[in-house]
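**Student:** What would the 3D arrangement of this be:
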Amino acid sequence: MLPTRTTNGVAQPEHQSRFDHPAMGWAAVWLGVLAACGLWRVALGEEGGGPAATWPRIVGGMAAASLVFALLWVIGRAASPGAALARVAANLAPTALLMSVFPLIAGEFSASMLGATPALVVVLAVSVSVPWVCGIVAAPFYPALSEVSRAEPTAFAAAFMRVWPPLVLWSAVPVVFFTTVCTVLIGWDGRAAAFFAAGLATNVLLAQALIVIQELRMVGTQVAAWAAYAAALYAAPQLWWLAPLAGVVVCLWRVRASLGAVRSVVVLNSKQVLPHMRDGALASSVLWLDKFLLIALLWDRVDVYTVYVALIPMVVAQSLYFGRLYDSFHTYTQRLSRLVATCPAAELNTKVRATCRRIEYVVLVPVALGVLGAVGIVGLAPVLGLKMAGALGFVVAAPLAFLCLSLACFQLNQLGGGDDTRLLCAAHGAATVLALVFLPLAGAYVALIVIDGVLATIAIARVRRRVCSAAFELFWKEAVAW
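**Tutor:** Numbers count the residues shown, from 1 in each chain. Now for the predicted structure:
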């Protein structure tokens, strides 16, 4: 069941049948995860070829085609399908562009050394650290800019420029921390550590510059920034640590009218920054902690290409959520206050529960589409050149369990459940470290799929409780005020 259709930008309630319940959708998602793992086992046993080895590829091709159709259908149900498609495409731009360029220049990295360390190892460590660190350094911007209207692009960009310089300085904290951790775990010398820190720092600058572009929904500039990054990387791979600055230049050029505001810097103290950085670190760790540990601890024992391709379903699903479905979540949360003001008391409970189900679908839909993508990747693994030995099915399925927990925690935090969100993310982090350190890779990911399934179930239950309790708290406040 997909989110409610819209007419003229207004969400319209649909007929509620006895099948219209998220539990059925979650059951289908789990069946899809089992299908992906089962298809992997079949393909693993039939690598020798022959007619029997063809059908996993057929299933994979059908799943991939279904994913494309479902994506277009969900996007097409938006109030403005063209704008939603552009946002989803912009969110996919970094993955599409950088993954297209990287195979063309990987030889340059493999052939060069940074001190005693292959340059490729340093580049891979940067690539898995960047999403996590960017989640940390971006988090303080949103509360700092929460009172500024996005409807006035010039004013918003000026406000961004006033808080950016101090937050650039604060971003040195996670950069130094991650550099130290990687140096200790991988055993780098000073040269490798310096290049890692430089590459991480320039990527952080790009991530921060993109905040103003994304908040103002300048999707063309967003794509252009990533295209400039990819082009610079391809043109001068030996200067890979400077390539993100090409994207920064594109972003700053787009908001050049507001650059003068940087002279009026807003001073931010540690209480305004560090708690948000902590929350960003916990939230981002759900999707990226395991990838960081794989590179830091097992880079010479895992097939990096397979690990990266396994991320594609998760990236597509996440891009759909933030490019299209987050607006639905925002619409449904706003509907709660309207229900309290307009709905008769006898019908309020039913309407609130229906809205709660639709909020749950906003998580269910991208995860379900991600499962389709996982089935497609596993079925087409021989065509894609993925390694079938080891834990492929679980490595592909696990990011979707992580994504489910991540999106549920994001919604819970948006609804005021910050403490619950921190506990759930911390539990995931502890389980990930213990599993990857003490279990074989396949066993670790099986354990994490189960654990994150439980944690996501708890998070979704908390979201339901928050939605229902918030609506009735509003109701009684209105009643007392009346």
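**Student:** all helices for the stretch 101-250 of the chain, in order.
**Tutor:** Here the stretch 101-250 of the chain has its helices, by DSSP state H, counting those that start in this stretch, at 119-138, 141-144, 153-170, 172-182, 190-215, 219-235, 244-254.
**Student:** could these go into JSON lines alongside mean pLDDT?
**Tutor:** JSON lines is the format used below for the helices of the stretch 101-250 of the chain (pLDDT from 0 to 100):
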{"stretch": "helix 119-138", "mean pLDDT": "93"}
{"stretch": "helix 141-144", "mean pLDDT": "92"}
{"stretch": "helix 153-170", "mean pLDDT": "94"}
{"stretch": "helix 172-182", "mean pLDDT": "96"}
{"stretch": "helix 190-215", "mean pLDDT": "95"}
{"stretch": "helix 219-235", "mean pLDDT": "95"}
{"stretch": "helix 244-254", "mean pLDDT": "96"}
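**Student:** Could you export those as CSV, including distance to Leu297 and mean neighbour count?
**Tutor:** Heads up, the C-betas are built off the backbone N, CA and C, glycines and all. CSV is the format used below for the helices of the stretch 101-250 of the chain (distance: least, CB to CB, whole Å; neighbours: other CB atoms under 10 Å):
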stretch, distance to Leu297, mean neighbour count
helix 119-138, 11, 23
helix 141-144, 32, 17
helix 153-170, 28, 19
helix 172-182, 11, 17
helix 190-215, 16, 21
helix 219-235, 26, 20
helix 244-254, 26, 21
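**Student:** Who are the contact partners of the closest residue to Gly429 other than its chain neighbours?
**Tutor:** What sits nearest to Gly429 in space, not counting adjacent residues and going by CB to CB, 6 or more residues apart in numbering, is Ser285, at 5.0 Å. Residues near Ser285 by CB atoms under 8 Å, 6 or more residues apart in numbering: Trp132, Cys425, His428, Gly429, Thr432.
**Student:** Tell me which two in the residues you listed are the farthest apart.
**Tutor:** Trp132 and His428 (13.1 Å; CB to CB).
**Student:** Quick check: neighbours shared by those two?
**Tutor:** Common neighbours of Trp132 and His428 (CB under 8 Å, 6+ apart) are Ser285, Leu289.
**Student:** Got the domain ranges for the protein?
**Tutor:** Listed by automatic domain parsing, the domain ranges of the chain are 18-79+318-482, 112-301.
**Student:** and those domains as a markdown table, adding distance to Ala89?
**Tutor:** Below are the domains of the chain laid out as a markdown table (distance: least, CB to CB, whole Å):
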| stretch | distance to Ala89 |
| --- | --- |
| domain 18-79+318-482 | 8 |
| domain 112-301 | 7 |
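**Student:** mean pLDDT for those domains: which is lowest?
**Tutor:** When the domains of the chain are compared by mean pLDDT, domain 18-79+318-482 comes last with a mean of 76.
**Student:** Just the helices from the stretch 301-450 of the chain, written as ranges.
**Tutor:** 304-310, 312-320, 326-342, 345-379, 381-384, 392-414, 418-438, 441-481.
**Student:** Determine which stretch of those helices is the most buried.
**Tutor:** Comparing the helices of the stretch 301-450 of the chain by mean neighbour count (mean count of other CB atoms under 10 Å), helix 392-414 ranks first with a mean of 26.
**Student:** report the angle between the axes of that one and helix 345-379?
**Tutor:** Our comparison of helix 392-414 with helix 345-379, counting by axes from the mean of the first three to the mean of the last three CA atoms, to 10 degrees, yields an angle of 150 degrees.
**Student:** Helix 392-414 - contacts with which helices or strands?
**Tutor:** helix 22-45, helix 270-298, helix 304-310, helix 312-320, helix 326-342, helix 345-379, helix 418-438, helix 441-481 (3 or more CB pairs under 8 Å, 6 or more residues apart in numbering; DSSP states H and E).
**Student:** what's the offset of that helix from the middle of its chain?
**Tutor:** Using CA atoms, centre = their mean, to the nearest Å, the distance from the centre of helix 392-414 to the centre of the chain it belongs to is 9 Å.
**Student:** Settle this for me: Gln238 is touching Ile105, isn't it.
**Tutor:** No - in this structure, Gln238 is not within contact of Ile105 by CB atoms under 8 Å, at 9.4 Å.
**Student:** When the two are compared, which one has more neighbours?
**Tutor:** The residue with more neighbours, out of Gln238 and Ile105, is Ile105; 17 against 11, by other CB atoms under 10 Å.
**Student:** Next one, pLDDT for the more buried one please.
**Tutor:** Ile105 carries a pLDDT value of 90.
**Student:** list the contacts for it?
**Tutor:** Here Ile105 is in contact with Leu233, Tyr234, Pro237 (CB under 8 Å, 6+ apart).
**Student:** which residues does Arg108 contact?
**Tutor:** Check again: residue 108 is Glu, not Arg. Ala119, Pro237, Gln238.
**Student:** one more time with 6 Å
**Tutor:** Applying CB atoms under 6 Å, 6 or more residues apart in numbering, we find Glu108 in contact with Pro237.
**Student:** any idea how far it is from Gly61?
**Tutor:** Remark: distance between Glu108 and Gly61 (CB to CB, to the nearest Å) = 34 Å.
**Student:** same check, this time on Val304
**Tutor:** 25 Å.
**Student:** Also Val375?
**Tutor:** Counting by CB to CB, the gap from Val375 to Gly61 is 10 Å.
**Student:** Would you agree Thr117 is in contact with Ala192?
**Tutor:** Yes - with contact taken as CB atoms under 6 Å, Thr117 and Ala192 are classed as touching, separated by 4.1 Å.
**Student:** re the thing from before, go through the contacts of Ile105 and say which is closest to Ile359.
**Tutor:** For the contacts of Ile105, the nearest to Ile359 is Leu233 (39.4 Å; CB to CB).
**Student:** ok, that closest one touching Pro244?
**Tutor:** No - with contact defined as CB under 6 Å, Leu233 does not count as touching Pro244 (8.8 Å).
**Student:** which residues are common contacts for the two?
**Tutor:** Taking CB under 6 Å, 6+ apart as the criterion, Leu233 and Pro244 do not both touch any residue.
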